[in-house]
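Q: Give me the fold of what follows.
(chains A, B, C and D)
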Protein chains: 2
Amino acid sequence: MVTLADVARHAGVSASTVSYVLSGKRSISAPTRERIQHSIDALGYRPHAGARALASSRTDVLALMMPLRTGLYVPVLMEIAMAVTTTARSHGYDVLLLTGEEGPEAVRRVEGSAIADAMIVMDVGLDDPRLPHLRAAERPAVLIGLPTETAEAADTEGLDCVDLDFEAAGARCVEHLAGLGHTAIAVLGEPPAVYERGTGFAARTLTGFRAAASSHGVGLLHRPVDGTYAAVAAAVTRVFEERPGTTGIVVQNEAAVEPLLALLRHQGRAVPEDVSVVAICPDQVATHASVPLTAVSVPAQEMGRLAVERIVRRLEGERSGGTELIAPRLTPRASTGPAPAPAPSSSPSAATEDRRGHGGH
Amino acid sequence: MVTLADVARHAGVSASTVSYVLSGKRSISAPTRERIQHSIDALGYRPHAGARALASSRTDVLALMMPLRTGLYVPVLMEIAMAVTTTARSHGYDVLLLTGEEGPEAVRRVEGSAIADAMIVMDVGLDDPRLPHLRAAERPAVLIGLPTETAEAADTEGLDCVDLDFEAAGARCVEHLAGLGHTAIAVLGEPPAVYERGTGFAARTLTGFRAAASSHGVGLLHRPVDGTYAAVAAAVTRVFEERPGTTGIVVQNEAAVEPLLALLRHQGRAVPEDVSVVAICPDQVATHASVPLTAVSVPAQEMGRLAVERIVRRLEGERSGGTELIAPRLTPRASTGPAPAPAPSSSPSAATEDRRGHGGH
DNA sequence: TTGAAAGCGCTAACAG
DNA sequence: CTGTTAGCGCTTTCAA
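A: Modelled structure (predicted):
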């Protein structure tokens, strides 16, 4: 193995000089620098990561905690992971992948063993058991997600968070439909398991849906669904029985998109003439669906990139930056249109919540 | 930070004794061991990964090279990655995730910087530029995939490989259909890009398709397709124009599965009465398809697990284990049945290759 | 069964 | 602008 000492000898300088050429932490005369650089190339020298970590207390590694739990849409996670590794590399960092359910234990492991300089934490839950450990930890952490139901109630003290503003995203979807005259809307949400474990983004989106429905006087039904045709069919069928006047559907569940469109087709409901559909999903899914979908895009890449940039800044000494929410962007496509002529009478009175009807349909 | 020296002091022993308790590399009297263990717990000691790596030349990290290139089905990759991290943890290893197109450079980086003890390499191409570097490297590597078109022609000297036997898998699909009396078969393959860059598994499957078609006297058309409805429709339509007698379709492209089934439905071709469909895909996809698919399953988890177990054995001193192919398992489901009554005359003469017909249809 | 001590390869004062 | 030197925390001979 080629060591720094080898390079120093080869170049006829001291070890520290070589080290400083590598780190750039003090100025070296052009001639020596070139000579050293030449020796480095000639010998094919690479600094030993462990030695460097020991001496400098920096590993140049970021830990990515990505528990892959049921109900999550894998391609989005993967896209985030890719963006994280790519961005990290461009800043000189490698990425250690932590999946699995180690939870708090993994946090302690990273911290205690100095395995990574910082952590990026995904799939954040409302009462995430990792958070106390993250706050207590020396190393900085950034969450992709928020551990709260609303952006305001952010119990985010000492934690950096990056995420899509799902609350605004949910509201935006409802607003879009309300603006087109729809007054009865159904939401096909993430699988039940996702809500049950209190996943932050799902909870926040729901908050947004409800707030917008309330303020626009729109009726709203919310149905978690697994991403199977059967589950979607059951949910949608029930929705139309319970609220025959439903003309707008918001779907926040990538796996449910095609089943939904197939079902509507099957039921003879035209999109968007009979039913308008808005999705919250990656652009890729929205544009490739069998009907191009009006959608708020989930900017997976941007989330990964922002998280890394945030953490890198913190590692460079910057103070905690609090919460950074990406503003939702809704792109109108072929799946939404004006509400069809309404049934004879109707007098939408006030806000409406799940399973609590409001008069008029 | 709690160091080994702290523990030693706390327990009233020397540093080396603590180290040996941790590594178990020499016998320690029960009393001292317990005392030390108690100190470790009391102080919350964790060995410093960098220091350990420096002193022992072992990092307890495995590098996973997973370039995410276009045309690959992400959930399968993710499943492999998960299996890798999980299995690795159960053996005491962490996983460093390398995506991106660094290729050979990444291999050198891992090797030179002693960043990981071994590498697991995915998305192996026929003439993969990383291979020479892997052979030259000190650290062991295992490929998930084969860099060859056939299992025999394995230019696998000094490389460990783990994979599904895609060649046998391809053959198995054709045999299954041939056994049901189908004599004209079409293959919907991976996206063109996958073949163009010489991805090993796609090439090997094709080899298997062709060999089986040849030996069973079955006509075979092969069409790479992107996973879009339009691409599938174009390919299938052309197939039925070129070989109207086609009654069997093999699909090796997860994204094309639903578009294919939708198209057949749309064309009024019943599955399996008019057309039998066999897939090569994860069980998950086969069972959740709108028609449960007869399929050779892609055992993503098993591949990841085997790769790690293989590499762990090598790190423990075992010699290179060569190539290990998982035997394909075809599960009959609802998508295949006997070939429909054939057109009046036919005299299948001999083997048939892509785009070269054989008489009788 | 335990200790003492010499590094592993690098960084970062401290000196010049 | 460059060299000297003292560790970083752990493993592992060599001794006892």
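Q: burial count for the nearest residue to A:Phe201 once chain neighbours are set aside?
A: Nearest in space to A:Phe201, with sequence neighbours left out and distances taken as CB to CB, 6 or more residues apart in numbering or on different chains, is A:Phe166 at 4.7 Å. Every residue, glycine included, has its C-beta placed from N, CA and C. Neighbour count of A:Phe166, defined by other CB atoms under 10 Å in any protein chain shown: 28.
Q: Kindly report the same for the one 4 residues further on.
A: Look at A:Gly170: counted by other CB under 10 Å, it has 29 neighbours.
Q: can you dump the C-alpha coordinates of the helix or strand containing it into CSV?
A: Element membership for A:Gly170 (DSSP states H and E) is helix A:166-179. Output in CSV follows, covering the C-alpha atoms of helix A:166-179 (Å, rounded to 0.1, in the frame of the first residue of the first chain):
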residue,chain,number,x,y,z
PHE,A,166,-47.3,18.5,1.8
GLU,A,167,-49.8,20.6,3.7
ALA,A,168,-49.8,23.2,1.0
ALA,A,169,-49.7,20.4,-1.6
GLY,A,170,-52.9,18.9,-0.2
ALA,A,171,-54.5,22.3,-0.1
ARG,A,172,-53.4,23.1,-3.6
CYS,A,173,-55.1,20.0,-5.0
VAL,A,174,-58.4,20.8,-3.3
GLU,A,175,-58.2,24.4,-4.3
HIS,A,176,-57.6,23.5,-7.9
LEU,A,177,-60.7,21.3,-7.9
ALA,A,178,-62.8,23.9,-6.0
GLY,A,179,-61.7,26.5,-8.5
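Q: list the contacts for the residue nearest to A:Ala11 when sequence neighbours are not counted?
A: Spatial nearest neighbour of A:Ala11, excluding adjacent residues (CB to CB, 6+ apart): A:Ser39 at 4.1 Å. Listed by CB atoms under 8 Å, 6 or more residues apart in numbering or on different chains, the contact set of A:Ser39 reads A:7, A:10-11, A:45.
Q: what angle separates the host helix or strand of A:Ala203 from helix A:166-179?
A: Secondary structure assigned from DSSP H and E places A:Ala203 in helix A:200-216. Orientation note: helix A:200-216 sits at an angle of 40 degrees relative to helix A:166-179 (axes from the mean of the first three to the mean of the last three CA atoms, to 10 degrees).
Q: Can you name the next helix or strand after helix A:200-216?
A: Past helix A:200-216, heading to the C-terminal end, the next element that is a helix or strand (DSSP H and E) is strand A:219-224.
Q: quick revisit: okay but the residue nearest to A:Phe201 is in contact with A:Phe209, surely?
A: No. Using CB atoms under 8 Å, A:Phe166 makes no contact with A:Phe209, being 9.9 Å away.
Q: A:Met139: neighbour count?
A: Not Met; residue A:139 is Arg. That count, for A:Arg139 with other CB under 10 Å as the rule, works out to 20.
Q: Likewise for A:Ser16?
A: With neighbours defined by other CB under 10 Å, the count for A:Ser16 comes to 11.
Q: Now do the SS call for it.
A: Here A:Ser16 is recorded as helix under DSSP: H, G, I helix; E, B strand; the rest coil.
Q: Look up how far chain B lies from it.
A: Relative to chain B, A:Ser16 is positioned 18 Å away (CB to the nearest CB, to the nearest Å).
Q: Sitting in helices, which of the contacts of A:Ser39 do you find?
A: Using DSSP state H, the subset of those located in helices is A:7, A:10-11.
Q: and of those, the nearest to chain B?
A: Lowest distance from chain B to those (CB to the nearest CB) belongs to A:Val7, with 12.5 Å.
Q: Now do the contacts for the closest one.
A: When contacts are counted by CB under 8 Å, 6+ apart, A:Val7 touches A:18, A:36, A:39-40, A:43, A:45.
Q: Show me where the stretch 251-361 of chain A has its helices.
A: In the stretch 251-361 of chain A, the helices defined using DSSP state H, counting those that start in this stretch lie at A:254-266, A:283-288, A:300-315.
Q: now do the stretch 51-200 of chain A
A: Remark: helices assigned in the stretch 51-200 of chain A by DSSP H, counting those that start in this stretch are A:74-90, A:104-113, A:131-136, A:166-179, A:192-196, A:200-216.
Q: I'd like to know which residues of the stretch 1-150 of chain A are adjacent to DNA strand C.
A: Contact residues (CB under 7 Å from any atom of the strand) of the stretch 1-150 of chain A with DNA strand C: A:1, A:3-5, A:15-16, A:19-20, A:22-23, A:25, A:45-48, A:51-52, A:54-56.
Q: hmm, back to that, among the contacts of A:Ser39, who's most crowded?
A: A:Val7 (26 neighbours).
Q: Now do the residue nearest to A:Glu79 when sequence neighbours are not counted: how many residues are near it, please.
A: Once flanking residues are discounted, A:Glu79 sits nearest to A:Ala300: 3.8 Å by CB to CB, 6+ apart. Residues lying near A:Ala300 (other CB under 10 Å) number 23.
Q: and whichever strand or helix holds A:Ala235, average pLDDT?
A: Using DSSP H and E, A:Ala235 falls within helix A:229-242. For helix A:229-242, mean pLDDT rounds to 96.
Q: who's in contact with it?
A: Defining contact as CB under 8 Å, 6+ apart, one finds that helix A:229-242 is touched by A:186, A:188, A:221, A:223, A:225, A:246, A:249, A:256, A:259-260, A:262-264, A:357, B:290.
Q: returning to that earlier point: let me have the helices of the stretch 51-200 of chain A in JSON lines, adding distance to A:Leu96 as columns.
A: Output for the helices of the stretch 51-200 of chain A, formatted as JSON lines (distance: least, CB to CB, whole Å):
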{"stretch": "helix A:74-90", "distance to A:Leu96": "10"}
{"stretch": "helix A:104-113", "distance to A:Leu96": "8"}
{"stretch": "helix A:131-136", "distance to A:Leu96": "16"}
{"stretch": "helix A:166-179", "distance to A:Leu96": "27"}
{"stretch": "helix A:192-196", "distance to A:Leu96": "26"}
{"stretch": "helix A:200-216", "distance to A:Leu96": "23"}
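Q: Could you dump the ones you listed into TSV and include distance to B:Ala213 and mean pLDDT?
A: Shown next, in TSV, are the helices of the stretch 51-200 of chain A (distance: least, CB to CB, whole Å; pLDDT from 0 to 100):
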stretch	distance to B:Ala213	mean pLDDT
helix A:74-90	33	94
helix A:104-113	50	94
helix A:131-136	57	92
helix A:166-179	50	98
helix A:192-196	44	95
helix A:200-216	48	96
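Q: Relative to A:Leu62, which of those is closest?
A: helix A:74-90 (5.4 Å; CB to CB).
Q: and that closest one, which residues are buried?
A: Buried residues in helix A:74-90, counted by 16 or more other CB atoms under 10 Å in any protein chain shown: A:74-89.
Q: these two touch, right, A:Leu180 and A:Ser276?
A: Yes. Counting by CB under 8 Å, A:Ser276 is a contact partner of A:Leu180 at 6.4 Å.
Q: Could you name every residue contacting both of the two?
A: What both A:Leu180 and A:Ser276 touch, as defined by CB under 8 Å, 6+ apart, is the set A:248, A:336-337, A:339.
Q: Quickly list the domain ranges of chain A.
A: As given by automatic domain parsing, the domain ranges for chain A are A:4-56, A:61-164+A:300-328, A:167-298.
Q: Pick the most buried one from these.
A: domain A:167-298 (a mean of 21; mean count of other CB atoms under 10 Å in any protein chain shown).
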